[in-house]
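In: okay, here's the prediction I keep looking at, along with the sequence it came from:
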Amino acid sequence: MEGEIKNFILVWTTVVASLCYCHTVAKALPSTSAALRRLAILPIACLFWLLPLHLTSIHLGAVTSFFIAWLASFKLILFASAAGPLHSTPPLPLSRFIPLACFPIKTQNPNTKPSPQQSRINLPTKIATVALLIRVYTYKDHLHPKLIWLCYCIHIYFMLEMLLSLAGAVARAFTEIEIEPQFNEPYLATSLQDFWGRRWNLMVPKILHPTVYLPVRRAAARLTGRRWAAIPAVLSTFLVSGVMHELVVYNFGRVAPTGEMLGFFVLHGVSLSAEIVVKRVMPERFWVGGGVSGPVTVAYVIWSSFWLFFPPFLRAGADLKGCTESLAFVEFLKTRRLISPADLTCPFL
């Protein structure tokens with residue numbers, strides 16, 4: 001555990017130093033030197049894909065992989081082209097540039113009304129629910145596996161929302177600006193478009209939209225016309241998302257990818273594309289109402305997660321690692337001694 005913490009500090013020190021370099025280089029280069037800007041910044045984006053490989057824990061490694069190898073690297077790709085959330089005129093101050101690059105957050109536009117995207121489930125309820133779920137895992141041998149996996153769905157959603165809320169709170173403390181919430185009650189989604197585009201982990205679509213979706217859509221429009229250009233763009237976006245999820249799982253599990261995680265996102269890309277086609281060719285009066293499409297959408301996401309999303313997570317030991325690392329942290333708070341998670345046995349799994 002001590003070695004993991006040292007690596008964690010080294011990785012994040014490198015990240016901060018690299019972002020300071022990118023910020024300085026972008027200010028120093030003239031606005032006309034687009035090629036030089038890309039040449040100077042894009043290698044840092046590549047470095048960010050490699051840095052999390054020095055970490056193997058789920059709390060430190062998986063989070064760093066998601067924050068840095070995925071989102072921060074994509075933000076830097078946009079920044080290299082003078083676009084995206086890191087680009088601003090005048091340039092962002094370094095104190096704001098680094099948190100916006102490191103954390104999966106987006107600043108609230110001051111000219112718009114405050115976002116209503118607030119979960120109806122408050123933080124104490126989420127914490128209590130996660131604690132209850134952990135107790136439920138004690139009886140997993142006596143419960144149906146699908147019920148346990150449903151608990152995993154709820155657990156992952158609450159943990160992600162709490163983690164991203166914490167990241168937003170840290171960024172808000174540094175930047176003193178309003179941060180957009182990253183979840184908008186995904187369990188109320190009425191379609192796959194609604195779920196993936198407007199409710200689930202909103203920083204991801206906001207980064208993939210300019211880096212993947214728009215370039216592919218512009219290229220496809222020249223071949224298929226504007227009406228159907230969104231289809232290859234959607235498929236490409238979900239393909240890239242699947243690849244990045246495979247990278248995140250590999251970073252903490254060190255298990256060879258099986259393609260299931262990629263298959264999950266390709267399946268949803270195809271399904272969402274089919275939904276777009278049906279909506280465009282079918283008159284609106286024949287559309288299914290939200291009272292029916294909502295439960296079907298959520299059930300489809302959960303079913304496909306059981307089939308393709310959770311198996312690679314469990315093979316990588318996400319449940320066991322998460323439990324033993326949490327116990328090691330609790331032990332550290334009690335004894336002020338670092339204990340390797342490998343020396344602990346999780347009573348819940």
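Out: The structure has been received and is ready for your questions. Note that the structure is a prediction, hence the values are computed from the model and not measured.

In: what's the local residue count around the closest residue to Ile58 other than its chain neighbours?
Out: Closest residue to Ile58 apart from its sequence neighbours, by C-beta to C-beta, 6 or more residues apart in numbering: Lys321 at 4.4 Å. Any C-beta I mention is one placed from the backbone N, CA and C, and that applies to glycine too. Using other C-beta atoms under 10 Å, Lys321 has 21 neighbouring residues.

In: now do the helices in the stretch 51-200 of the chain.
Out: 63-64, 73-80, 94-102, 123-136, 145-175, 192-198 (DSSP state H, counting those that start in this stretch).

In: isn't the residue nearest to Ile58 right up against Leu60?
Out: No. Taking C-beta atoms under 8 Å as the definition, Lys321 is not a contact partner of Leu60, at 10.6 Å.

In: give me the common contacts of those two.
Out: Contact criterion C-beta atoms under 8 Å, 6 or more residues apart in numbering; residues shared by Lys321 and Leu60: none found.

In: now do the same end-to-end measure for stretch 87-98.
Out: Start-to-end span of stretch 87-98 (C-alpha to C-alpha, to the nearest Å) is 12 Å.

In: for the strand or helix carrying His245, packing partners?
Out: Using DSSP states H and E, the element containing His245 is helix 230-253. Using 3 or more C-beta pairs under 8 Å, 6 or more residues apart in numbering; DSSP states H and E, the elements in contact with helix 230-253 are helix 203-208, helix 214-224, helix 260-281, helix 310-315, helix 318-335.

In: packing partners for the fourth one?
Out: With contacts defined as 3+ C-beta pairs under 8 Å, 6+ apart, the secondary structure elements packing on helix 310-315 are helix 230-253, helix 260-281.

In: of all those, which lies closest to Gly197?
Out: Taking C-beta to C-beta, helix 260-281 is the member of the helices and strands packed on helix 310-315 nearest to Gly197, at 8.6 Å.

In: between the helices and strands packed on helix 230-253, which gets the lowest average pLDDT?
Out: Across those, the stretch with the lowest average pLDDT is helix 318-335; it has a mean of 70.

In: show me the shaky parts of the stretch 151-300 of the chain.
Out: Filtered on pLDDT under 70, the stretch 151-300 of the chain yields the residue ranges 175-178, 286.

In: redo the helices and strands packed on helix 230-253 as a markdown table? Include distance to Ser293.
Out: As requested, the helices and strands packed on helix 230-253 are exported to a markdown table (distance: least, C-beta to C-beta, whole Å):
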| stretch | distance to Ser293 |
| --- | --- |
| helix 203-208 | 20 |
| helix 214-224 | 25 |
| helix 260-281 | 9 |
| helix 310-315 | 24 |
| helix 318-335 | 31 |
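
In: nearest to Tyr157, of these?
Out: Of all the helices and strands packed on helix 230-253, it is helix 310-315 that lies closest to Tyr157, at 13.0 Å by C-beta to C-beta.

In: mind saving the C-alpha coords of the closest one as CSV?
Out: Extracted C-alpha coordinates of helix 310-315, given in CSV (Å, rounded to 0.1, in the frame of the first residue of the first chain):
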residue,chain,number,x,y,z
PHE,A,310,-20.1,-6.4,-14.9
PRO,A,311,-18.3,-9.6,-15.9
PRO,A,312,-15.0,-7.9,-16.8
PHE,A,313,-15.2,-5.8,-13.7
LEU,A,314,-15.6,-8.8,-11.5
ARG,A,315,-12.9,-10.8,-13.2
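
In: what lies in contact with that helix?
Out: Trp149, Tyr152, Glu246, Val249, Gly253, Val255, Pro257, Thr258, Glu260, Met261, Asp319.
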